[in-house]
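> with the sequence up front, the predicted model follows.
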Amino acid sequence: MSYSVVERGSPFSSDYRVYIQDQNGPVSPLHDIPLVVDAEKKVFNMVVEVPRWTNAKMEITLKETLNPIKQDVKKGKPRFVANCFPHHGYIWNYGALPQTWENPEHLDDATGCKGDNDPIDVLEIGYKVAKRGEILQVKILGTLALIDEGETDWKLIAIDVNDPSADLVNDIADVEKHFPGLLKASVEWFKIYKIPDGKPENQFAFNGEAKPAAFAHKIVDEVHAFWKSLVGKEADAKGISCVNTTLDGNSFKIPVSEAKDVVSKTPEYSAPQPLEPIVNKIFFLENFVSDSNCRFDKWHFIQLK
């Protein structure tokens, strides 16, 4: 299946939206794009929300019809994640697997925390800088278990199957071998990226250890089953839009013509809004290492004069 994007509104503003469409018309990236591309080879579709090296926090919006990608808002303004030296923006192509849902009512046996009410996140580590709204075919190599404000927020580690390095990496140990330092950098990125906003350091289950591919595939199966319960009205959607255009027999399905009307009623695409210089600010940090457990025990940021 071939997909393309339709941009609406002005980038870096509250009315900006990225809709996904197939050859027939608009679709929901959460509900209409199949999770599985090749079951035997364990290849999955991934929806790219944030291209590597960018820091505008874009995400599939759950409560709007057709679940377009939009920019998260903080204090009434579009949100950008802080650039914590030496990182600039996101250090992978960041996105989600379609047809997944981390159930906020489910207490995870492995982490002891409930789900974060979002599709499961993916960190794609190939060399290509993807485009916002692009659909990649990926294989899953493992997962990190971020504990974000008391909720389980799985971070799958994956690679585009068309990447030149794809044949070299099939499990989490291969990532460390062929992408040395990336797993450590990924844990550090998630630990500190909210600190400039005045929030505490994020925590990880399993002491920040990445779990292997077999473990990650079980998590994917679980969150896919939760999604099925969501669109099947077996779980409380709590405002999540389950509108779709392709799920035959589903009570939330609408005609493509109606989906086109949804998109056409949004503001037409216009030039991006100018970015404030603060968006590119680099936060430098000092770290204090605890000799007792060899982990980063405290962070504080140096404010440049």
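Received, thanks.

> use CA for all of it now, contacts and neighbours both
OK.

> count residues in the vicinity of Glu209, would you?
Counted by other Cα atoms under 10 Å, the residues lying close to Glu209 total 14.

> identify the residues contacting it.
By Cα atoms under 8 Å, 6 or more residues apart in numbering, the residues touching Glu209 are Leu144.

> Asn162 in helix, strand or coil?
Following DSSP: H, G, I helix; E, B strand; the rest coil, Asn162 is assigned to coil.

> count of residues packed around the closest residue to it other than its chain neighbours?
With Cα to Cα, 6 or more residues apart in numbering as the criterion, Asn162 has its nearest non-adjacent residue at 7.8 Å, and that residue is Gln137. Gln137: 19 surrounding residues under other Cα under 10 Å.

> is Leu141 in contact with Asp160, as I believe?
No: the pair Leu141 / Asp160 is not scored as a contact, 10.8 Å apart, by Cα atoms under 8 Å.

> compare neighbour counts for the two and give me the winner.
For Leu141 versus Asp160, neighbours defined as other Cα under 10 Å are more numerous around Leu141 (25 against 22).

> tell me where the stretch 201-305 of the chain has strands.
With DSSP state E, counting those that start in this stretch as the criterion, the stretch 201-305 of the chain has strands at 203-204, 211-212, 282-290, 295-302.

> where among those is average confidence lowest?
Of all those, the minimum mean pLDDT falls on strand 295-302 (a mean of 47).

> can I assume the residue nearest to Asn162 sits in a strand?
Yes: counting by three-state DSSP, Gln137 falls inside a strand.

> on the pLDDT front, check it for me.
98.

> list the contacts for it?
Here Gln137 is in contact with 37, 43-46, 160-162 (Cα under 8 Å, 6+ apart).

> that one pairs with what?
Taking DSSP bridges as the rule, Gln137 bridges to Asn45.

> measure it to Asp248 for me?
To Asp248, Gln137 is 24 Å away according to Cα to Cα, to the nearest Å.

> go on, Asp174?
40 Å.

> and what of Val18?
Val18 is 24 Å from Asp248, by Cα to Cα.

> and what of Val81?
In terms of Cα to Cα, Val81 sits 39 Å off from Asp248.

> when those two are compared, which one has more neighbours?
Val81 (18 against 9).

> that one contacts Thr54, doesn't it?
No: applying Cα under 8 Å, one finds Val81 not in contact with Thr54, separated by 9.1 Å.

> common neighbours of the two, please.
Counting by Cα under 8 Å, 6+ apart, the residues touching both Val81 and Thr54 are Gly89.

> in this structure, spot the helix with the most residues.
helix 213-231 (DSSP state H).

> by contact count, what packs against that helix?
If you count contacts as 3 or more Cα pairs under 8 Å, 6 or more residues apart in numbering; DSSP states H and E, helix 213-231 packs onto strand 135-148.

> and the angle for the strand it packs on with helix 213-231?
90 degrees (axes from the mean of the first three to the mean of the last three Cα atoms, to 10 degrees).

> for strand 135-148, output the C-alpha coordinates as PDB.
Listed next in PDB are the C-alpha coordinates belonging to strand 135-148 (Å, rounded to 0.1, in the frame of the first residue of the first chain):
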ATOM      1  CA  ILE A 135       5.300   5.300   6.500                       C
ATOM      2  CA  LEU A 136       8.400   3.100   6.900                       C
ATOM      3  CA  GLN A 137       8.600  -0.700   7.000                       C
ATOM      4  CA  VAL A 138      10.700  -1.700  10.000                       C
ATOM      5  CA  LYS A 139      11.900  -4.700  11.900                       C
ATOM      6  CA  ILE A 140      12.000  -4.500  15.700                       C
ATOM      7  CA  LEU A 141      15.300  -5.100  17.500                       C
ATOM      8  CA  GLY A 142      14.300  -4.600  21.100                       C
ATOM      9  CA  THR A 143      12.700  -2.200  23.500                       C
ATOM     10  CA  LEU A 144      13.400   0.200  26.300                       C
ATOM     11  CA  ALA A 145      10.800   0.700  29.100                       C
ATOM     12  CA  LEU A 146      10.600   4.400  30.000                       C
ATOM     13  CA  ILE A 147       8.600   5.200  33.100                       C
ATOM     14  CA  ASP A 148       7.200   8.700  32.300                       C
END
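
> one step back: what separates the residue nearest to Asn162 from Val18, distance-wise?
From Gln137 to Val18 the distance is 19 Å (Cα to Cα).

> same question for Asp160.
22 Å.
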